[in-house]
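> can you look at this prediction? I've put the sequence above it.
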Amino acid sequence: MNGTITGWSLFSASQQHYLTTARPFYYIGSTSILDWMADNYLSLASPIIAYWTASLFFHLLDISDARWLDKYRIHDSAEVKSRNLASRWDVFIAVIFQHFVQTLVGLWWMEDKPVGDAVDHLSALAGRAPTFLNLLRAVAGPKLAAQFWADHGHELVYAVYWWAIPAAKFLLGMFIIDTWEYFLHRAMHNNTYLYKTFHSVHHRLYVPYAFGALYNHPLEGFLLDSVGAGLAETIAQMSTREATLLFVISTLKTVDDHCGYSFPWDPLQMMSSNNADYHDIHHQIIGIKSNFAQPFFIHWDVLLGTRMTRQDIEVRRRKNTQKTE
């Protein structure tokens, strides 16, 4: 409490007014985004809604006869029917079951965290002020720091609290999910027992499609997706709303990576090199020990030498042809 009072006294009256009244565009002061559903329940429902909404969109593309889509399809429709070892109905049932398990785990895991105006934002803003001012003094010296603080101290604290910290937590959450999924996914491929018992289920889809993104053995689905999401939320200390956004984007990215289309204007595919074409290589025999990264970025594949591109495939095929000749 004393630290908060001290921090608040570092601001002028106009700065205090700014910090008291200014809120970013994304801020929702109510204790729930939807009047009829608490945020913690929305955090469970949102990824499932996102999954099936995105999957339905791509499924409609799959069953359409639109010829303009042909140049964007990674595989033609006949390959899906002839090369995949699981029916669409089997995939649908497996994904529904995973969502059921995911919801049960979420009900057990979730906390009733304060949100919106229930959070004491003013105390949090004021509590950070002494730290920021001391850092400014160390970097710029007392005189320049005092001048900058008088002119922009409130803006600095506002920007860090409302933008930099949430962004850092979001990026950390993405990194944790990527790290968890990379190493667990890689272990599933490098250990024969784990692959045959668990991960081979997902690879029954030699030609991926959108709603098959979460077609997994139930235990693998729990470990890979549910546990990874829980770790990201906990380690990054995310609020319920921050975690909900992360889970929705992660879900949409996973669906998009399995959609079977290489669209140049898809924002999720523009986000990084880890896109539908990149992950499709992993589902082929030639790339099954490569491209383990999911769902956001490919840094672990690059750093640990497990990245494979279409150019790598062509080089390997040419070498094999030369050996044969």
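Thanks, I have it. Numbers count the residues shown, from 1 in each chain.
> run the chain-centre distance for stretch 288-299.
Using CA atoms, centre = their mean, to the nearest Å, we find the averaged C-alpha position of stretch 288-299 to lie 13 Å away from the chain's own average C-alpha position.
> now do stretch 18-31
Here the centre of mass of C-alpha atoms in stretch 18-31, compared against the chain's by CA atoms, centre = their mean, lies 25 Å away.
> residue boundaries of the helices in the stretch 201-325 of the chain?
Shown for the stretch 201-325 of the chain, the helices assigned by DSSP state H, counting those that start in this stretch span residues 218-221, 228-235, 240-257, 267-270, 276-283, 299-303, 310-324.
> dump those to a markdown table, plus mean neighbour count and mean pLDDT.
For the C-beta atoms, the positions are set from N, CA and C on the backbone; glycine is no exception. Formatted as a markdown table, the helices of the stretch 201-325 of the chain follow (neighbours: other CB atoms under 10 Å; pLDDT from 0 to 100):
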| stretch | mean neighbour count | mean pLDDT |
| --- | --- | --- |
| helix 218-221 | 17 | 93 |
| helix 228-235 | 19 | 94 |
| helix 240-257 | 22 | 96 |
| helix 267-270 | 15 | 91 |
| helix 276-283 | 22 | 93 |
| helix 299-303 | 16 | 96 |
| helix 310-324 | 10 | 78 |
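> separation between Phe11 and Leu156?
In this structure, Phe11 and Leu156 are 11 Å apart, going by CB to CB, to the nearest Å.
> same check, this time on Phe263
40 Å.
> with Leu231 instead?
Shown here: Leu231 relative to Leu156, a distance of 32 Å by CB to CB.
> and what of His121?
Computed with CB to CB, the distance linking His121 and Leu156 is 16 Å.
> same question for Leu252.
The spacing between Leu252 and Leu156, counted by CB to CB, is 33 Å.
> residue ranges for the strands of the chain, please.
Secondary structure of the chain (DSSP state E): no strands present.
> and the residue nearest the centre of the chain, how far is that from Gln311?
The chain has Ser250 as the residue nearest its centroid, 3.0 Å off, counting by CA atoms, centre = their mean. If you measure Ser250 against Gln311 using CB to CB, the figure is 28 Å.
> one more: Leu107?
Relative to Gln311, Leu107 is positioned 46 Å away (CB to CB).
> what's the answer for Ala66, then?
Counting by CB to CB, the gap from Ala66 to Gln311 is 29 Å.
> now Ile298
For Ile298, the distance to Gln311 equals 15 Å [CB to CB].
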